Structure formats: C-alpha cells, structure tokens
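I need the structure of the sequence given here:
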Amino acid sequence: MGLFGRRKKAKVVVIGIDGVAHSFLKEQAGKGNLPHLAELFQQGSFRRMNSVIPTVSSVAWSSYMTGVNPAKHNIFGFVDRVADPFDIFIPTARHMGCQTLWELLSRAGKRVIVINVPVTYPPRDVNGILIGGFLGTDINKIAYPPSLNPRLKEMEYRIDVDAWMGRKDKEKFFQDLFFTLNKRIEVADYLMEKEPWDFFQLHIMESDRVNHFLWAQWEDGDPRYTDRFLALYQRVDDYVGNLSQQLGEGVELVVLSDHGFCRVKKEVYLNYWLEKEGYLLFNQGIPVSLKEMSPATLAYSLVPGRVFINLKGREAMGQVEPDGEYETIRKEIREGLLTLTDPDTGEKIIDRVWLRDEIYDGPFFPQAADLIAIPHDGYDLKGNLNQLALTFLGDLVGMHTYDDASLFIKNREIVPKDNQLGITDLFPTLVSMMNLPVPEGIDGRSLI
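Numbering: from 1, shown residues only. Down below sits the predicted model:
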C-alpha cells in the first residue's frame with residue numbers, strides 16, 4: 001500500500017504555499033482565522049510532513065518535482081560551488097539533472113500549467129505553460145512559451161517581491177507582498193480559465209517572504225504588523241477556498257508546503273568557527289569570498305550548514321589526503337560542531353551532523369558536501385565570512401524547520417509507510433493520481 005488507495009483521476013491541481021508550517025495552519029484554522037482551509041481540511045487528509053536536508057526551498061521543491069534526493073537531481077542548496085577551478089554559483093533549472101514532474105507529464109501527452117515553482121527558471125519546454133520562479137529577474141524571459149511574456153507584463157505580473165524592503169521599509173514590503181500575491185492569483189485564474197490543462201500548479205512564495213521578515217513580530221503580537229501578517233494568509237485562504245468550490249467533479253486538489261518555520265534565536269556562522277579552529281585559512285587581509293582561501297585550508301562551509309573538506313584531487317587547492325586523513329578531519333569537525341553552544345544561553349546549536357554518504361545516493365554524489373549540519377530549531381546556519389562572533393541576530397527573524405511542512409489532499413486518506421511522510425513522496429503520488437506509471441529509480445514511495 002502506498003500513500004493512497006487506488007483511484008483513477010485524470011486532472012490534478014496543486015497549490016504550493018511556501019514555508020507555511022503545519023502547526024501554524026492547524027492552529028489558525030482551529031481558531032477560525034482561516035475558515036476556508038478549516039472547512040477544506042474536513043474534506044480530506046491533512047498531515048504534517050518532513051522536508052529535505054538541507055532544509056532549503058530550492059532543494060525541497062527540486063526533490064518534490066523529481067521524487068529523488070539531491071544526489072540524483074543535482075540541486076544541493078541555494079548556492080553551490082565548482083570544486084576546480086573553485087567558484088560559487090546559484091543553481092537554476094539549467095543545473096537540474098533529471099526530468100521533472102511536468103516534463104514527465106508532458107511526454108505522456110498531458111497538458112500542464114506550472115506557475116512560479118522554485119528552480120524552474122530559466123523555463124524548460126513543456127506541453128503547456130511554465131512561468132519560472134524567483135531566480136528569474138526579467139519578465140520578458142520568465143515564461144514558456146515566450147509568447148506569454150508580453151501578456152504577463154501587460155497584467156503587471158511580479159516574479160517576486162523586493163526582499164530588501166523586508167529589511168528597509170516594512171510598510172512598503174507589505175504593499176509589495178499583497179500586490180505580488182494578488183497579481184499571481186490573477187494570472188493563475190486567467191490561465192486556468194483560458195487554457196486547457198490536465199495538471200495545474202500555482203506556487204505562492206509570499207508566505208515564505210513574510211515569515212522570514214516578520215515571524216518574530218507575529219509571535220510577539222506586534223500591533224503594527226500582526227493583522228497584516230494574518231491578512232496575507234487570509235488572502236491565500238480565500239483563494240484556495242474559492243478554487244476548491246470552482247473545481248469540477250473529478251479534479252483532485254493538493255495543498256502543500258516545502259518546510260515549516262520558526263523564530264530565529266541566532267544566526268550561526270560556521271566559517272567563523274572553522275577559521276577559529278584552524279580549519280579555514282585565508283591568504284592575507286580581510287577576505288571578500290572563499291576564492292581567497294589559502295591552500296593550507298582544511299575545510300570551508302556553504303549555507304546552510306554544508307561543510308566541504310579541501311580534498312586533494314577534488315578541490316582546486318586540495319590539501320587533505322583522501323585516505324585516513326580525510327576521515328580523521330571529517331570526524332573531528334563532526335564532533336566539534338556537535339559541541340557548539342549559544343554563547344549567551346549555553347543551548348546546544350547543532351542537533352545532528354550527517355555524513356554525505358548517509359543521506360545521498362546518485363550520479364551527482366561527488367558534488368555533495370562532506371558534512372551537513374542540522375541545527376536545533378532557532379539556530380540559522382550561515383556561510384558568511386568576516387563575522388565578529390559565532391552568532392548574531394539580524395534582520396531575518398524567521399527560519400526553516402525540517403519536520404513541520406504540511407500536506408493536504410482532498411477526498412483521500414494519507415497512509416504513509418512506517419508513519420513517515422516526506423516531500424519526495426509527492427512525485428510518485430501525483431504521477432499515479434494522473435493515472436500514469438511511476439518511473440523506476442524514484443526515492444519517494446509510490447502508489448500501488
């Protein structure tokens with residue numbers, strides 16, 4: 001038995017609400033603040049779900065859209081590195097190493113409309129319409145087919161909010177959030193009505209944005225912001241409620257998020273710790289980037305919590321021998337990270353440190369970090385350089401959590417194997433809901 005009993009449906013709608021925690025939805029629905037979702041949750045199965053490691057939207061949605069772990073789809077973080085010659089880059093759809101859900105559906109003759117899902121820019125060809133996600137910067141290049149771009153521009157579609165306003169001017173930030181969300185919904189309604197489709201997905205990113213910059217104010221009941229924080233979610237609630245009522249008989253509805261959220265206690269700078277412990281060294285002066293590492297470096301970190309050993313034969317200036325020395329240093333760093341504590345409270349910062357071979361398996365395995373640190377909730381692991389201390393509380397007051405993502409499917413019972421449910425399971429589930437065979441090599445649990 002997979003996630004659901006066998007049932008043949010040929011049309012599916014997926015609404016992704018980025019970063020909305022299961023605990024938040026359950027609480028607010030229970031209080032009557034999200035009445036449409038509260039009613040909807042009684043018409044199907046609403047479950048808490050695990051995200052991915054590391055818990056980053058780009059990795060999570062890549063795992064969702066492919067059904068496999070990062071070593072098979074090649075998206076390991078919001079930023080990544082080329083080992084030799086050393087360079088830092090932002091992974092996009094160009095780096096996606098396997099087929100996506102909508103590409104599989106397209107090849108099967110299904111017509112798809114996909115809007116704003118992370119790691120879909122630049123847009124790849126589909127049988128239908130694909131509007132790329134937040135990594136896109138030019139409205140004239142955001143959609144496939146390109147002929148849609150002028151219409152999106154005419155409708156004042158926004159690719160993303162101006163995140164800098166979350167730091168600089170929260171009043172303008174809220175205006176931007178609501179405008180962008182309303183335009184996204186307007187475009188979704190237009191395409192759903194005007195275009196034929198078998199699979200339709202809309203991704204709402206504004207929830208993640210408001211959580212990052214205003215989660216603490218929401219928790220504290222700050223009178224300047226709490227009403228508008230909730231109002232943003234109520235706008236989503238209205239949309240999903242109206243959509244559910246408008247969908248015809250036989251159309252399946254899925255609502256999910258990619259991770260949960262919690263309040264940031266501190267940002268934690270792992271490169272500061274690596275430098276203080278003598279693992280990370282720089283040639284001279286104050287470094288601007290990791291490109292200025294000394295050849296004597298033993299390890300360095302990329303966000304969030306990924307540690308790379310400066311391995312000889314792999315890294316541009318590899319120093320560490322790939323025999324016993326590699327394992328010795330990896331063990332030292334793993335044990336050292338687990339001892340990190342908040343200098344102000346004494347709380348443990350790191351919950352667990354994974355070795356890459358414990359969680360990754362696939363053709364892109366060599367690209368993976370050697371260690372992946374998982375923080376206790378509240379400690380946001382960063383890769384910044386030139387920090388004055390191990391920890392600091394900055395403008396981002398909300399952070400991702402692994403085990404509090406959410407999943408709702410209307411008119412079905414979710415029955416996860418071994419009581420475990422992860423975002424990778426959605427790929428085989430949706431393929432089966434579209435009445436297609438699940439391809440081999442998928443990590444998620446398929447339908448029977």
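
quick one: low-confidence ranges for the stretch 151-300 of the chain?
Across the stretch 151-300 of the chain, not a single residue meets the criterion (pLDDT under 70).

The spatially most central residue of the chain: what's it in contact with?
Centroid-nearest residue in the chain, with Cα atoms, centre = their mean: residue 57, separated by 1.1 Å. Counting by Cβ atoms under 8 Å, 6 or more residues apart in numbering, residue 57 makes contact with 18-19, 78, 118, 208, 258-259, 400. No exception for glycine: its C-beta is placed from N, CA and C like everyone else's.

Please narrow those to those residing in strands.
residue 400 (DSSP state E).

The contacts of residue 57 into CSV, with extra columns for distance to residue 157?
Shown next, in CSV, are these (distance: Cβ to Cβ, whole Å):
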residue, distance to residue 157
18, 17
19, 21
78, 23
118, 17
208, 18
258, 22
259, 25
400, 26
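
Let me know the closest of the contacts of residue 57 to residue 424.
residue 258 (11.1 Å; Cβ to Cβ).

OK, contacts around the closest one?
Neighbours of residue 258 in contact, by Cβ under 8 Å, 6+ apart: 16, 18-19, 51, 57, 60-61, 64, 405, 423.

ok, 10 Å please
When contacts are counted by Cβ atoms under 10 Å, 6 or more residues apart in numbering, residue 258 touches 16-20, 49, 51-52, 55-64, 117-118, 203, 208, 400, 405-406, 423, 426.

What of residue 100?
Counted by Cβ under 10 Å, 6+ apart, residue 100 has contacts 61-62, 64-67, 73, 93, 106, 112, 114, 117, 119-120, 124, 126, 130, 427.

Inside strands: which ones of those?
Going by DSSP E, the strands hold 112, 114, 130 from those.

Got a ChimeraX select line for the buried ones in the residues you listed?
Of the ones in strands among the contacts of residue 100, the buried ones can be selected in ChimeraX as follows, counting by 16 or more other Cβ atoms under 10 Å:
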select :112,114,130
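
Just put the ones in strands among the contacts of residue 100 in JSON lines and tack on pLDDT and distance to residue 300.
Formatted as JSON lines, these follow (pLDDT from 0 to 100; distance: Cβ to Cβ, whole Å):
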{"residue": "112", "pLDDT": "98", "distance to residue 300": "40"}
{"residue": "114", "pLDDT": "99", "distance to residue 300": "36"}
{"residue": "130", "pLDDT": "98", "distance to residue 300": "35"}
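
Dump the ones in strands among the contacts of residue 100 to TSV, plus distance to residue 433.
Shown next, in TSV, are the ones in strands among the contacts of residue 100 (distance: Cβ to Cβ, whole Å):
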residue	distance to residue 433
112	14
114	16
130	20
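
Closest one of the ones in strands among the contacts of residue 100 to residue 247?
Using Cβ to Cβ, those come closest to residue 247 at residue 112, 16.3 Å.

For the closest one, list the residues it contacts.
Neighbouring residues of residue 112 by Cβ under 10 Å, 6+ apart: 12, 100-106, 126-130, 197-201, 434.

swap the cut-off to 7 Å and go again
Residues in contact with residue 112 (Cβ atoms under 7 Å, 6 or more residues apart in numbering) are 102, 105-106, 126-128, 197-199.

Show me which of those are buried.
Of the members of these, the ones counted as buried by neighbours, 16+ other Cβ under 10 Å, are 102, 105-106, 126-128, 197-199.

Next, format the residues you listed as a markdown table and append distance to residue 294.
A markdown table is the format used below for these (distance: Cβ to Cβ, whole Å):
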| residue | distance to residue 294 |
| --- | --- |
| 102 | 45 |
| 105 | 49 |
| 106 | 48 |
| 126 | 46 |
| 127 | 51 |
| 128 | 51 |
| 197 | 54 |
| 198 | 55 |
| 199 | 51 |
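
Relative to residue 364, which of those is nearest.
Nearest member of those to residue 364, counting by Cβ to Cβ, is residue 102, at 20.8 Å.

For the helix or strand harbouring that closest one, name the packing helices and strands.
Element membership for residue 102 (DSSP states H and E) is helix 101-107. Here helix 101-107 is seen to pack against strand 112-115, helix 426-433 when contacts are counted using 3 or more Cβ pairs under 7 Å, 6 or more residues apart in numbering; DSSP states H and E.

count of neighbours near residue 363?
Around residue 363 there are 12 other residues, counting by other Cβ atoms under 10 Å.

The closest residue to residue 156 other than its chain neighbours is in what secondary structure piece?
Leaving aside its sequence neighbours, residue 156 sits nearest to residue 183 (Cβ to Cβ, 6 or more residues apart in numbering; 5.6 Å). Using DSSP H and E, residue 183 sits within helix 170-194.

ok, the helix or strand just after that helix: who's next to it in the sheet?
Scanning forward in sequence from helix 170-194 by DSSP H and E, the next helix or strand is strand 199-204. Neighbouring strands of strand 199-204 in its sheet, by DSSP bridges, are strand 11-17 (parallel), strand 112-115 (parallel).

starting at the chain centroid, how far to the last one?
It refers to strand 112-115. 18 Å (Cα atoms, centre = their mean, to the nearest Å).

Please apply the same query to stretch 296-308.
With Cα atoms, centre = their mean, you get 21 Å for stretch 296-308.

again, but for stretch 151-167
Using Cα atoms, centre = their mean, the offset of stretch 151-167 from its chain centre is 19 Å.

ditto for stretch 401-421
Distance of stretch 401-421 from the chain centroid (Cα atoms, centre = their mean) equals 17 Å.

can you check stretch 187-207 too?
The chain centroid and the centroid of stretch 187-207 are separated by 20 Å, computed with Cα atoms, centre = their mean.

Report the buried residues of it.
187-188, 191-192, 197-207.

repeat for stretch 89-99
Applying 16+ other Cβ under 10 Å to stretch 89-99 flags 91-93, 95-99 as buried.

got a pLDDT number for residue 370?
Listed pLDDT for residue 370 reads 98.

what's the distance between it and residue 334?
For residue 370, the distance to residue 334 (Cβ to Cβ, to the nearest Å) stands at 10 Å.

Check residue 65 too.
For residue 65, the distance to residue 334 - Cβ to Cβ - is 31 Å.

These two: who's more crowded?
Per other Cβ under 10 Å, whichever of residue 65 and residue 334 has more neighbours is residue 65, with 28 against 18.

Skipping adjacent residues, who's closest to the more buried one in space?
Per Cβ to Cβ, 6+ apart, closest to residue 65 is residue 100, 4.5 Å.

Over to residue 353?
Leaving out its chain neighbours, the residue that sits closest to residue 353 by Cβ to Cβ, 6+ apart is residue 334, at 4.5 Å.

Alright, that wraps it up for me.
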